[in-house]
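1. Below is the sequence, then the predicted model.
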Amino acid sequence: MAVSELQSEKGAPEATLAKASGRKTRRSVIVIDRAVDWIINVGGISVIVAVFGIMAFLVNVVVPLFTGGSVGARVENSVPAANGNVLMSRIDEYKTLFLTVTDRGTIRAVHVPTGTTVFEDRFDFGDAVATAFGATFARDQVAFGFADGTVRFAKIDVRVEVVTPDKVPATARRLDQRDRADAGSVYSTLDARQVRKLSLAIALDAPQPIAGSQGIRALDFRVGGTVERPTRTFATVDIDGVVRLSRSETRVNLLTGATTTRVATSALPDLPRDINLVKTLITEQADQVYVAEASGTIYRFDTRDFTAPKLAEVVDLLPADLRLTAVGFLIGEQSLVIGGSDGRVEVYFRLQQAGARTSDGYALVKAHALDPHGAAVVAFDKSARTKSFATADADGNVWLRHATSDQTLLKLKRSDASTGVIEAMAIAPRDDAILIATTDDRYTLWDIAVPHPETTWAAIFGKKWYEGYPEPVFTWQSSSGTDSFEPKFSLVPLIFGTVKATVYAMLFAVPIALLAAIYTSEFVNRRTRAVVKPAMEMMASLPSVVLGFIAALILAPIVETWIAAVVWAFVVIPTGLLVGALVWQALPRSTVSALGEAPKLVVMTATVLLTVYVAAATAPAFETVFFGGDFKAWANGDIGSDAPFLMLIVFPAMFAVALRAFDAWGGANYQNVTSRLARAQAGAADAARWIVLVVTALVVSYVLAGAMIAVGFGPREGIVDTYVQRNTLIVGFAMGFAVIPIIYTIAEDALNSVPEHLRAASLACGATPWQTATAVILPAAASGVFAAIMIGMGRAVGETMIVVMAAGNTPVIEWNVFSGLRALSANIAVELPEAVKDSTLYRMLFLAALALFVMTFVVNTGAEIIRQRFRKRAAQL
Amino acid sequence: MTAELTNPTAADAASRTARSKRRTATDFAAEGEPFVWALGGALAIGILMIVGFLFLVMWNGVVTFFPKTIAVVTAGNGDVFAGEPVRSEQYRPTAEALAALQPTARAKIATADGFAGRTLYRVGNYDLYGEDFRWVADHDVRRVEYPAGLMLVERLEWGPFIGTIKAVTTGGGAARPAAEIGTAAIDAAHATARERWERIHRIERGDIGAVNHWLDKERLRLRKVELADGIDSAGYRTAERRFAEREAVLKQDYDRLAAEAAALRAEDAKDTITFADIGGKEKTIALSAVVRMYAANDLGLAAKLGVYFSRWWEFLADVPREANTEGGVFPAIFGTFVMTLLLVIAVTPFGVITALYLREYAKQGRLVSIVRISVNNLAGVPSIVYGVFGLGFFAYIVGGTIDQLFYAERLPSPTFGSGGLLWSSLTLALLTVPVVIVATEEALAAVPRSMREGSFACGASKWQTIRYVVLPRAMPGIMTGVILAMARGAGEVAPLMLVGVVKLAPELPIDGFFPYIHLERSFMHLGFHIYDVGFQSRNSEAGKPMVFVTTMLLIALIAVMNASAIIVRNRLKRRFMGSQF
């Protein structure tokens, strides 16, 4: 038909005839043929390329996680000498202004790209020179301490406004292409309509005397309270070694606008008189005060109770011959970074420890030791967004590091033109630049990009010691409410979740699918198979969202109530089937062959249903005997003993051993005996044999279970622990619906494609169907069956909706079958919609997807290769 | 067989028994019956799983919309409440609960191995009680009655109300008791109020929506000119003038429509209805806020079926309300349908071309077999991975570029630069393309070589052979592949969660505004609807019936697709069977 159509429509025969007779094929035919040729080749190849492009794309997104940082443009300028010692340096958000504050109160703002001073002012200290200095974390509020025992607070704000171009004063002088300056403000042209105005606002408060102070050597403070009633908590160290904690509270009178400030001071336990002080630090909540001494000794005061502060801990962090040269907090003000005169850089934080020899039960613990510098650490600054920080050494090296991931992100060096020592360093608020100032009155700014400082291979796949954690752990926790929260990106708990879900799903699905496939292929006639196989395959078309919904909202509550019955069913159903088989084999042959195969399957189904009912009915008794009457309390470890449950677990193995042992030692005799009996009697004898075997196996398993418990092995706190409603048991069962049909179909196809002549030969030699199946068909189809299992596993690994809905999504690492899990796939589905494009979380989720892709691709490719080999072999048989 | 041996004489029998026993020797180890039962039992479990599952879904789905009777329960402590019984179950009371019980009840529970029965009632009246469901233990029930006259009222807000009609106000007059007005008049007033409400809805959603749409269009046009010519250009000034004119006209339209809607609303507010719950607590709502009400315990079968089918119609044809837990799923059905259609349009040519390339054009060798294995395996790559790719590549990279090139005036709000219908269908097309490739390849391979050779021998070119000989014969296989791809695509949810499905899309992807098909819009999907209602809603119990019906619908949709794949395959097979030589 198709051919005739061709002839009538296109007149191809004429063309052929024409060719034969020397005439040409019609031009349109050739053109179309060529065009289609081209389209199909290009189309086909491009689809294949596209398909592989997926992997390339995922890799492309993931790679920046591991590339550390990059350095962009670099600016170097010199500035006029400062009036006094530089106490603080800072750059603004837009890397436009470089601010310095000196001990004589001079504030200077330098335009970074050009080095022009655009603003210079002075806090009026009179003739005094500040002897101590402190700043808040953002460094917009500062405090100066003086030799007369007073403290003065000040504000240095960089105000940002976006204005229209006509607001720029005509008198503004041009600094560079983009910027103009006028009267202490810098105008940066953004586009035709917008100009960004940066201006400096400074204010100095009146001196606040600290009661009893003889002169202040060191100072740090933090602000708190509300807008109407701001508080400042500050720690001061006097020249005579007295540490004081003060809190000033300012009240604004709403009617008059007048402010009143009250200061309360309490003295901390004294320090030794002659210490060589480096710095004092106070935490965000003002609950800890640290005083660092040059020898490396840290005095930690517990100031949670303002009125009764205590010296909590004195700890020496450095060997005797070294000096402490830099110290400071990271974001969150829990981690303390110290730099030593030998170039070492270490991160400490406070941990609750059982045997701590401190008054508050906490101790400083060295959590990270980072790459040491070659020379003394001279400067330190922290990032305002991540646990990154920069350290500079006496040779002019500037290294940007990340505390938690222990990595050095960037290594910079001041130019050789500069000879001075780095005296100040500042990381830009957006982590996009580092600025250093050297003693020869030069400064250098590097544009940097460090988008993902927290990720390294080790951080993603290894244990990491996060701030405040008692030990290095695998953790996935991508977000939280607080700003100083550090996201924890370890894929290990997620990979574990995927593996756990897969393992338990396969434990449930593989036996059912394989046994059912063997039965369908070998013990059922064609008509029955034509019904049964499509029915099982129908399972595959159930959307996983439906499976997840039923599992989580319908099944989970039922299983929770009937958990003992569910566990009991694992015992009762096999037992029921065994009983059914024993009865069946004792039936006269004529009855059996009259019944046929389909009714036998119906009887089996009825047996399963009956045993399910029996399991439900007898579950309470089972629960009482095995689990002390309450399964969940038992699983929790509250009541009962491990022995009965352990016995159930080891029973299958013991039963197999008993069966083997019987065959080896008594099998031949037994066969001789039964072969002389009538079928009914032989059936009874065989039933007796099975019962004896089961009882023997039970006894042996009980003894073994007792022995295992005696040596300290128990299932609880291992595979059985606290019961959670949405757990792996539910996931495994629901996933069974997704996996069973796949394994079943492919395995059945493999068994079925074993050539018929093998089967016929085996049966003709007198083998029973059971012997044929186990000794001939299964070995021949083994590789195909194995491939089926692997393909099923691939599906289980990637299944998403079921685990999203039924697994509870807690990223725990434990094998407990009654607890939840968080799988890679579920994690992607839950978190990716909220992840900001190109953020670390976004890329981490792409990495998770890549991991899934690779895992399933490897498993499937392996299965496919095995399957093709099997096909070739099956064809040769 | 042993039975026949009993008849002959004893001596003869003895010798024959000995012989026949050898012949019919019972070797149970060889038969392995217990093992065979283990195999069969596994198959039985598998079949029971699927049958039980389908039965569970079907049963719950089918009965959901059938009106239930309302029970008035008097609890042990004298509390009286009315509610629809939802389901009963066995549970284990906690130790504290047991201790507080009467000794007789306690003894009864003890004999039942610690299990007690309880029933879940849907009591409704969320605005009065703060809960819509209540569990009542069997031993706590003093009396259950089914009195006539109790109404179940489905409302636009706060879920159902269970109680009686107290009074009705029409046209702003005084409230008149329900008994005085009569059921028929109430129903008539309700119908009028609903009609008016529909009209308000049409004006607010449809007409005012259109005005806003045009206004938005004008604004974007202005912005486009601004981006192209700059704010100081003459072109911009002309556009600005034009915009002002158009804006004035549209504003006028808007005001007129808004006034009309306001008038209707004022009228609507005059018709109210007052209900009283079983305890006498009253609640007055607008008559138009009542979707449906019926006296649950007085309905005959015909009336019940009427309510049943009207609920089905609402479910299939209406939009969702109450955070998707009530109303209909029409947008989700529509979204699923349009997406699947686009999926087929995208997947078929690519799948078929690739298969043609692999089977007919590429040189068969190691490379092609590697490619074939890879394509096979891509069918096994988790769907969520495709979702991640779709989001990162289609939405962010391709979509972002399209936005910058063609929709710059809308930035920074994305047009194609975020998830949407097009990206969803392309992602699913990518996901299902291996299915089509594999099916098509198999179909192409099944076309006998002789037919190709015959065609070539007749002088047909390669493409002519493929077009007129190979493809028609491979058609059943290709169709099967495409339909299976559709079925798989329609059931996938995980990747869609990343590339464009939303819980509530106010606009359908196809509407009356140019260009009529809005491929960039996000859409609703049946599968995601199940996830959303089951897991994200205020009360998962209230959403459960809805989820079951949606589940049934989705399974039915997929079953229809799968069945049609089989039918198409069989029919086409038969058609082309005859064409063999």
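-> Perfect, thanks for sending it. In this text the structure is predicted, and so the values were computed from the model without any measurement.

2. What's the local residue count around residue 106?
-> Answering for chain A, as no chain was given. Applying other Cβ atoms under 10 Å in any protein chain shown, we find 18 residues neighbouring residue A:106. All C-beta atoms are positioned from the backbone trio N, CA, C, and that covers glycine.

3. hm, I was asking about chain B
-> By other Cβ under 10 Å, neighbour count at residue B:106 equals 16.

4. Which residue is the nearest non-sequential neighbour of it?
-> residue B:98 (5.9 Å; Cβ to Cβ, 6 or more residues apart in numbering or on different chains).

5. in what helix or strand does that neighbour lie?
-> Secondary structure from DSSP states H and E places residue B:98 in helix B:95-99.

6. Next secondary structure element downstream of that helix?
-> Remark: after helix B:95-99, the chain's next helix or strand is helix B:103-111, criterion DSSP H and E.

7. which helices and strands sit right next to that following helix?
-> Using 3 or more Cβ pairs under 8 Å, 6 or more residues apart in numbering or on different chains; DSSP states H and E, no helix or strand is in contact with helix B:103-111.

8. tell me which residues form a beta bridge with residue A:363?
-> As for beta bridges, residue A:363 partners with residue A:351 under DSSP bridges.

9. related to what we said a few turns ago, what separation do you get for the residue nearest to residue B:106 and chain A?
-> Distance of residue B:98 to chain A, computed by Cβ to the nearest Cβ, to the nearest Å: 13 Å.

10. What is the burial count for that residue?
-> If you count neighbours by other Cβ under 10 Å, residue B:98 ends up with 15.

11. any idea of the mean pLDDT in the helix holding residue B:98?
-> Average pLDDT, helix B:95-99: 81.

12. do the same with stretch A:168-181
-> Here the average pLDDT along stretch A:168-181 is 84.

13. Any idea how far apart the tips of that stretch sit?
-> 9 Å (Cα to Cα, to the nearest Å).

14. Give me the contacts around the helix holding residue B:98.
-> Defining contact as Cβ atoms under 8 Å, 6 or more residues apart in numbering or on different chains, one finds that helix B:95-99 is touched by B:106, B:109.

15. Next, the buried residues of that helix.
-> Of all the residues in helix B:95-99, not one is buried under the rule 16 or more other Cβ atoms under 10 Å in any protein chain shown.

16. do the same with stretch A:229-244
-> Buried residues in stretch A:229-244 (16+ other Cβ under 10 Å): A:230-239, A:242-244.

17. follow-up on the earlier one: now do the helix holding residue B:98: distance to the chain's middle.
-> 42 Å (Cα atoms, centre = their mean, to the nearest Å).

18. Tally up the residues packed near the residue nearest to residue A:816 when sequence neighbours are not counted, please.
-> Spatially, and ignoring its direct neighbours in sequence, residue A:816 is nearest to residue A:721 (3.9 Å; Cβ to Cβ, 6+ apart). By other Cβ under 10 Å, the residues close to residue A:721 number 18.

19. how close does residue A:721 get to chain B?
-> Residue A:721 is 20 Å from chain B, by Cβ to the nearest Cβ.

20. can you check residue A:91 too?
-> 28 Å.

21. who's that residue bridged to?
-> Following DSSP bridges, residue A:91 is listed with bridge partners residue A:98.

22. need the contact list for the closest residue to chain B within the stretch 751-877 of chain A.
-> The nearest approach of the stretch 751-877 of chain A to chain B comes at residue A:798, 2.3 Å away (Cβ to the nearest Cβ). When the contact criterion is Cβ under 8 Å, 6+ apart, the partners of residue A:798 are A:825, A:852, A:856, B:380-385.

23. ok, now residue B:372?
-> Residue B:372 neighbours (Cβ under 8 Å, 6+ apart): B:358, B:441.

24. where's it, which helix or strand?
-> In the assignment (DSSP H and E), residue B:372 maps to helix B:366-378.

25. burial measure for the closest residue to chain A within the stretch 201-350 of chain B, as a count.
-> Going by Cβ to the nearest Cβ, chain A is nearest to residue B:350 of the stretch 201-350 of chain B, at 5.3 Å. Residue B:350 has 19 neighbouring residues, counting by other Cβ under 10 Å.

26. Could you tell me how many residues sit around residue 430?
-> Here I'm looking at chain A. 14.

27. that answer is for a different chain, and I need it for chain B
-> When neighbours are counted by other Cβ under 10 Å, residue B:430 registers 25.

28. Mark out where each domain of chain B begins and ends.
-> If you go by automatic domain parsing, the domain ranges for chain B are B:66-170+B:275-297, B:181-270, B:330-577.

29. follow-up on the earlier one: mind putting the buried residues of stretch A:229-244 in CSV, distance to chain B included?
-> Shown next, in CSV, are the buried residues of stretch A:229-244 (distance: Cβ to the nearest Cβ, whole Å):
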residue, distance to chain B
A:230, 37
A:231, 40
A:232, 40
A:233, 42
A:234, 44
A:235, 46
A:236, 49
A:237, 51
A:238, 55
A:239, 57
A:242, 57
A:243, 52
A:244, 52
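
30. Name the SS class of the closest residue to residue B:442 other than its chain neighbours, please.
-> The shortest distance from residue B:442 to any non-neighbouring residue, by Cβ to Cβ, 6+ apart, is to residue B:477 (5.9 Å). At residue B:477 the chain is in helix, as set by DSSP: H, G, I helix; E, B strand; the rest coil.

31. ok, now residue B:50?
-> On the three-state scheme (three-state DSSP), residue B:50 is labelled helix.

32. so what's it up against?
-> Taking Cβ under 8 Å, 6+ apart, we find residue B:50 in contact with A:535-536, A:538-539, A:737.

33. near chain B, from these?
-> For chain B, the contacts drawn from the contacts of residue B:50 by Cβ under 8 Å from any Cβ of the partner chain are A:535-536, A:538-539, A:737.
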